[in-house]
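1. task: produce atomic coordinates for the following.
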Amino acid sequence: MWNLLKFGTMRKAPFLCISLLLAKGVFSVETEEVKAVRGETKTLHTGVKDYFKIFWRNENNSNIADCQVLTDDSTLCKTLRDGVQIDNQTGSLTFINISDELGGLYKLQIINKSFERSTNEFNVAVFNPFPIPIVYKSENSSCSQCFLLCSVNETQTTLSWYKGDRLLSSIHISDPNNSIPLHLKGNYEDINEYRCVVNNSISTQTKPLSTSELCQSCAETGLNPGYIALICLTGIAGVVIYWRWRKRGKTGRNGKWMPMHITQSWLRRKRIQILDWPAYSPDLFPIDNVRRIHKTSYLESAAYRYQNGGTGGSPDEEENLDY
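-> Numbering: from 1, shown residues only. Here you go, the predicted model:
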């Protein structure tokens, strides 16, 4: 009988051990997937506030950080790897300026004050920083209508336009050459409320709009259609007036037609009498008088020198002095 009981107990022992291990959580370790962007701060939370000991180990079971509550209820914590910190109240592990080297599997073991153990695992994946979206103005834009395009050099992302907290449009990007448009009209006083947002399951980046670098109203650019029409009419009127002025003008040197009729009309209205001078009158062109006086004076002095046996004053020289 004893042998039978002993044999039955031995048969049940493996099942009893497996049940105890499952109850302790040995075969039910949970692995939490954690995504981080290179350069950011990321924390692995323990989810507890009361403990006796906490251990953090890597995938090679090497100790990274640990905390222990001492007899005087103070806490002693230490870290054995650069770039990590451990919270002495919760035992949570924080990565400062996370890098690719800090990615991988992390194992957490917690021993509470009843000396019960629990374990958990975190698989940390580190990704490249997400680029800020690019916003640019389309060639079809004008001062009255502004067409904006937002794009990002990434795939498998979502591009969206927001005005404040209100979603205006959104598309999924599978090709980095794709973009999402935004059509604005008016004076763009509220353009600073618009923003382009790109996001995926890892990160989000936002590009707010700025009036100074994108859309400007017609009043700011000076290209109001009314102003343009006024400038065109003024130019046409100026051409017509100049043409008629040139056509009616009269007399100048060499008898050419010149725009003088406005001056003559003004003199007549003021009843100012003027003398009729010929076109070649020296009084109209003083330089001719100066040349004539200089020529006469030079020839007289040259003739005097010639008569007294000096040089100059010859007939040939007089002919060469004709200007």
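
2. packing partners of the lengthiest strand in the chain?
-> Taking DSSP state E as the criterion, the chain has its longest strand at strand 117-127. On a contact count with 3 or more Cβ pairs under 8 Å, 6 or more residues apart in numbering; DSSP states H and E, strand 117-127 meets strand 31-37, strand 42-44, strand 104-111. Quick note: C-beta positions are derived from backbone N, CA and C, even for glycine.

3. adjacent strands (with direction) for that strand?
-> If you go by DSSP bridges, strand 117-127 pairs up with strand 31-37 (parallel), strand 104-111 (antiparallel).

4. mean pLDDT lowest for which of the helices and strands packed on strand 117-127?
-> Ranked by mean pLDDT, the helices and strands packed on strand 117-127 bottom out at strand 31-37, with a mean of 88.

5. for it, buried residues please.
-> For strand 31-37, a neighbour-count test (16 or more other Cβ atoms under 10 Å) marks 34, 36 as buried.

6. show residues contacting that strand.
-> For strand 31-37, contacts defined as Cβ atoms under 8 Å, 6 or more residues apart in numbering pick out 42, 44, 95, 98, 103, 105, 120-130, 201-203.

7. can I get the buried part of these as one ChimeraX selection?
-> The following ChimeraX command selects only the buried members of those, with burial defined by 16+ other Cβ under 10 Å:
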select :42,44,95,98,103,120,122,124,126,130,203
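
8. CA atoms only: put the longest strand of the chain into PDB for me.
-> Only the C-alpha atoms of strand 117-127 are listed here, as PDB (Å, rounded to 0.1, in the frame of the first residue of the first chain):
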ATOM      1  CA  ARG A 117       9.200  38.000  -7.000                       C
ATOM      2  CA  SER A 118       7.800  39.300 -10.300                       C
ATOM      3  CA  THR A 119       9.500  39.700 -13.600                       C
ATOM      4  CA  ASN A 120       8.900  41.700 -16.700                       C
ATOM      5  CA  GLU A 121      10.700  42.400 -20.000                       C
ATOM      6  CA  PHE A 122      11.000  45.500 -22.200                       C
ATOM      7  CA  ASN A 123      12.200  45.300 -25.800                       C
ATOM      8  CA  VAL A 124      13.500  48.800 -26.700                       C
ATOM      9  CA  ALA A 125      13.800  49.700 -30.400                       C
ATOM     10  CA  VAL A 126      15.600  53.000 -31.300                       C
ATOM     11  CA  PHE A 127      14.600  54.800 -34.500                       C
END
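
9. what comes into contact with it?
-> Against strand 117-127 from outside (Cβ under 8 Å, 6+ apart): 24-25, 29-38, 42, 44, 46, 95, 98-100, 102-112, 202-203.

10. does the nearest residue to residue 180 once chain neighbours are set aside count as helix, strand or coil?
-> Nearest residue to residue 180 in three dimensions, chain neighbours excluded: residue 159, at 4.6 Å (Cβ to Cβ, 6 or more residues apart in numbering). The three-state assignment at residue 159 reads strand, by DSSP: H, G, I helix; E, B strand; the rest coil.

11. just residue 267 next, same as before
-> helix.

12. how much space between the residue lying closest to it once chain neighbours are set aside and residue 268?
-> Residue nearest to residue 267 in three dimensions, not counting chain neighbours: residue 274, with 6.1 Å by Cβ to Cβ, 6+ apart. Going from residue 274 to residue 268 by Cβ to Cβ, to the nearest Å gives 9 Å.

13. circling back to that earlier point, okay, the residue nearest to residue 180: pLDDT?
-> So, for residue 159, pLDDT stands at 89.

14. surely it and residue 150 touch.
-> Yes. Residue 159 is within contact range of residue 150, at 5.9 Å (criterion: Cβ atoms under 8 Å).

15. so the two - more neighbours on which side?
-> residue 150 (24 against 21; other Cβ atoms under 10 Å).

16. residue ranges with poor pLDDT in the protein?
-> The model of the chain has pLDDT under 70 over residues 1-28, 186-188, 211-213, 216-230, 242-261, 275-288, 302-323.

17. can you give me the helices for it?
-> Ranges of helices in the chain, per DSSP state H, are 2-24, 218-221, 225-248, 261-269, 286-307, 315-320.

18. re earlier: what residues are bridge-paired with the residue nearest to residue 180?
-> Residues in beta-bridge contact with residue 159 (DSSP bridges): residue 171, residue 198.

19. so how far is residue 270 from it?
-> Relative to residue 270, residue 159 is positioned 74 Å away (Cβ to Cβ).
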